[in-house]
Each structure stands twice: as C-alpha cells, then as structure tokens.
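Trainee: structure for this input, please:
(one chain, ligands or ions: 1)
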Amino acid sequence: MSASLAERTRLGGVSVEGVSKIFRRKRLEIHALSETSAEFKQGEFVSLIGPSGCGKSTLLKLIAGLDSPSSGEVRVGGEVVSGTLPTASVAFQKPTLLSWRNVTDNILLPIEIRGGRPTKADRAYASELIEMMGLQDFASHYPRELSGGMEQRAAIARSLITRPELLLMDEPFGALDEFTREDLNEELLRLWGAEPKTVIFVTHSISEAVFLSDRIVVMSARPGRIVDVIDVDLPRPRSARTRTSPEFNELVRRGRVSLEAAKAAGGPANDAEAGGKS
Ligand SMILES: Nc1ncnc2c1ncn2[C@@H]1O[C@H](COP(=O)(O)OP(=O)(O)OP(=O)(O)O)[C@@H](O)[C@H]1O
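Mentor: Model prediction:
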C-alpha cells in the first residue's frame, strides 16, 4: 500500500540541529562541521555548495546515517538518525557498479541487499528506470561495456529502485562532460517531477545548482556551517531554455558572489592536537 501524504511528509523531511563533526586522526582533530543547522522540507530539491573541503560530503553522510555527528542531531522524518535508513538512498560521484553484474542486476542490487528477492514489480520498475535513463539497449550489458555517462545513469537508476523518500546525491555528475551533465540534469528533474522526493544534491557547479534546485544552501570554508540560502524561484519545468534566461544568469551571479563570501567566511579551523589546546 502506498504511503499517505502525511506519512510521506513524515518520512522525507530532514532537520540538522546544531551538528558538529570532528574527525580524530592519530593525534590530530579535524573540525569538519561546526554547529550546523538546516531544514530540508519533504519534496524539496536543495543543492549544497561551498568551498572544497568545507564538509558537504560529511553532512550528506551524517544525513544518510553512514557516520554519526560528534554533537547535535540529524532527524529524518522526525526520527533521530542512528544508522542507514530504508527510506533514503545515496548516489556518489563514482558509480561503483559491480563488474560481474549486468546493468539490470546492478540496478536491482539494493533490493537484494535489503534481503528481498526482486519481484516481478521490481523488475518492471528496473526496466522503467532503464528506459528513463536511455539505457534500454544496454540492460544486459556489463559495466566494462558502458561509457562513463552510461555507468553513472545506471548508478542513478540503482539509487531510485527502492523508491526512496530521500535521495542524497554527492556530485553525481562531477566527472561527466558538460553535455552529458546537462542532459542528466534534465533527466533527473523529469524523474523528480514524476516521483516527488526530497533531494539533497552536492555540487561544485553553481549553474547546475541553480538549474536543479528550489533552494541553494551555501556553506562556509571549514569548519563548515551554513552562511547563505538562495531561493531559486525559476519556473518549472526547466529546460535548456531556462539556462539562457536573464533570471537564471542573475541567480548564477548571486551564487558566485555568495560562494566567494563563503570562502572568506571560514572561521579558524580549530584543528588541534588531540588532548591539546584548540
Ligand atoms: N573519514 C575522515 N577522516 C578524517 N578526516 C576526514 C574524513 N572525512 C572527511 N574528512 C575531512 O573533513 C573535511 C571535510 O571533508 P568533506 O569531504 O566533507 O568536504 P567537501 O566539502 O565534501 O569537499 P569537496 O568539495 O572537496 O569534495 C576535510 O578537511 C576532510 O579532510
């Protein structure tokens, strides 16, 4: 039975409350995030941008339950995150497909990891995703037979097979050429429009963030905290024409100014010898 709207709202919203993350490596403490707070509403598409090393991936991993905060709390659907979530899915920059499985079987893998055998409905949904991703002629191909862009499309289909309420994407198109990237941006928005879900999307590209998002959250240099939020009120659906509008270009400019300020806004990193003064 599909979840009610109220249940979906409960399942997909994210709240990050005063989260700090300190990595301890030998005697060194690295302060990756400092007292970071943010809200991501159910069904929103939000991009995270910030200087390299400011803690974007760390924040995503904490939301995904792949790591835990040093202090503060992350809640998904109102519940404190304390491990990986069945309602969430993560897509990384590297597609990490299993070389001995074909495209269809790679896409079905999350179903098996959750202890199930893929049902007829799962297989039908895998075919649907394969088609949406333009991989219909490659369903039985192995990763070595695919281009980089095709592998990434297969990995994105894999992240969607469980119909997650929350999709966490860490620079998924970072390694692709601009044309493929722009095509996949539009594909992703089509998918998101067809099956609404909360998406938190890390990118280094301001124009990608503007094209995709409802909001852009800007993080400061390490230790990362949120220093700006840009509302992207461009009409949807968005297409190649969106990128040529003056409003789009003004938002890219605004993002660039904000990112420059964010680079300068990094506080003292507070890194310290463990046990020493910070
Ligand atoms: N497992 C870890 N152990 C030690 N330090 C880590 C670990 N993971 C991340 N860090 C450190 O935390 C800081 C934030 O890293 P993170 O990968 O979250 O940044 P980022 O904003 O995603 O960077 P980029 O934009 O370059 O991908 C960095 O200084 C990094 O070296």
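
Trainee: what residues of stretch 42-50 count as buried?
Mentor: For stretch 42-50, the neighbour count (16 or more other C-beta atoms under 10 Å) marks 42-50 as buried. For the C-beta atoms, the positions are set from N, CA and C on the backbone; glycine is no exception.

Trainee: I'd like to know how many residues surround residue 186.
Mentor: Residues lying near residue 186 (other C-beta atoms under 10 Å) number 16.

Trainee: which SSE is it in?
Mentor: Using DSSP states H and E, residue 186 sits within helix 178-194.

Trainee: swap in residue 90?
Mentor: Here residue 90 is assigned to strand 88-91, by DSSP H and E.

Trainee: any idea which element the most centrally placed residue in the chain lies in?
Mentor: Central residue of the chain (C-alpha atoms, centre = their mean): residue 169, 2.1 Å from the mean position. Element membership for residue 169, per DSSP H and E: strand 166-170.

Trainee: direction included, what does that strand pair against?
Mentor: Next to strand 166-170 in the sheet, as set by DSSP bridges, lie strand 88-91 (parallel), strand 198-202 (parallel).

Trainee: JSON lines for the buried residues of stretch 42-50, including distance to residue 235?
Mentor: Converted to JSON lines, those look like this (distance: C-beta to C-beta, whole Å):
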{"residue": "42", "distance to residue 235": "21"}
{"residue": "43", "distance to residue 235": "17"}
{"residue": "44", "distance to residue 235": "16"}
{"residue": "45", "distance to residue 235": "14"}
{"residue": "46", "distance to residue 235": "18"}
{"residue": "47", "distance to residue 235": "18"}
{"residue": "48", "distance to residue 235": "23"}
{"residue": "49", "distance to residue 235": "22"}
{"residue": "50", "distance to residue 235": "27"}
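
Trainee: what parts of the stretch 51-200 of the chain come near the ligand?
Mentor: Contact residues, the stretch 51-200 of the chain versus the ligand (C-beta under 6 Å from any ligand atom): 52-58.

Trainee: that older thread, just how off-centre is the strand holding residue 169 within its chain?
Mentor: Distance of strand 166-170 from its chain centroid, counting by C-alpha atoms, centre = their mean, to the nearest Å, is 3 Å.

Trainee: same deal with stretch 182-193?
Mentor: 14 Å.

Trainee: and the next helix or strand past the helix or strand where residue 121 lies?
Mentor: Taking DSSP H and E as the definition, one finds residue 121 inside helix 120-132. Later in the chain than helix 120-132, the nearest helix or strand by DSSP H and E is helix 148-160.

Trainee: what residues of that following helix count as buried?
Mentor: So, applying 16+ other C-beta under 10 Å, buried residues of helix 148-160: 149-160.

Trainee: okay, the residues you listed in a markdown table with distance to residue 36 next?
Mentor: A markdown table is the format used below for the buried residues of helix 148-160 (distance: C-beta to C-beta, whole Å):
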| residue | distance to residue 36 |
| --- | --- |
| 149 | 33 |
| 150 | 36 |
| 151 | 32 |
| 152 | 28 |
| 153 | 32 |
| 154 | 33 |
| 155 | 27 |
| 156 | 27 |
| 157 | 31 |
| 158 | 29 |
| 159 | 24 |
| 160 | 27 |
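
Trainee: does residue 90 touch residue 66 like I think?
Mentor: Yes - applying C-beta atoms under 8 Å, one finds residue 90 in contact with residue 66, separated by 7.3 Å.
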